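Chemist: Prediction below, plus the sequence it came from.
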Amino acid sequence: MRQIIERYMQAKGPSILQRDTRMAEMSYNVNLQEKENQEMYHWLMNNHIQSQAEAMEHQHHQQAMTQLKLLEEQPLLNQLQAFGQDLQPSASDMPMLQLGTLPLNTHSTFEMSS
């Protein structure tokens, strides 16, 4: 029996060695592809995170510019409101009209010049 196994191993030896070599190469290729996939994933995630950070920074910049613009316009708005208040005085600021009576002069004569 042992001789049969030895003869079988001798006969199949090179094919087993070739199979083992191919399996080792395939394992190496799989490991290499997994490493490349991980590197691409990390690169894509870092790129995505960077893009999101840039988008948020742009949005914050736009908000800051809008707020700054509103602050710059605020004194002008205050002046316009004050000007509008000057045009519409309150009731206490308005002078009261008093009606008076004029004496009627019934005996006045009109002279006509000729």
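Modeler: Right, received. Where do you want to start?
Chemist: going forward, measure contacts and count neighbours with C-alpha atoms only.
Modeler: Fine.
Chemist: taking the mean pLDDT, what do you get for the host helix or strand of Met40?
Modeler: Using DSSP states H and E, Met40 sits in helix 2-87. Mean pLDDT, helix 2-87: 82.
Chemist: Can you name the residues that contact Met9?
Modeler: Applying CA atoms under 8 Å, 6 or more residues apart in numbering to Met9 gives no contacts.
Chemist: quick one: Ala55 from Gln62, how far?
Modeler: Remark: distance between Ala55 and Gln62 (CA to CA, to the nearest Å) = 11 Å.
Chemist: Likewise for Gln3?
Modeler: Distance from Gln3 to Gln62, by CA to CA: 85 Å.
Chemist: Between the two, which is the more surrounded one?
Modeler: Set Gln3 next to Gln62 and count neighbours by other CA atoms under 10 Å: Gln62 wins out with 12 against 8.
Chemist: give me every residue that touches the more buried one.
Modeler: With contact set as CA under 8 Å, 6+ apart, Gln62 has no partners.
Chemist: going forward can the numbers begin at 622, since that is how I track them
Modeler: In the new count, where the first residue is 622, that last one comes out as Gln683.
Chemist: Assign a three-state SS to Thr722, would you?
Modeler: Judged by DSSP: H, G, I helix; E, B strand; the rest coil, the three-state class of Thr722 is coil.
Chemist: Nice, that's everything, thank you.
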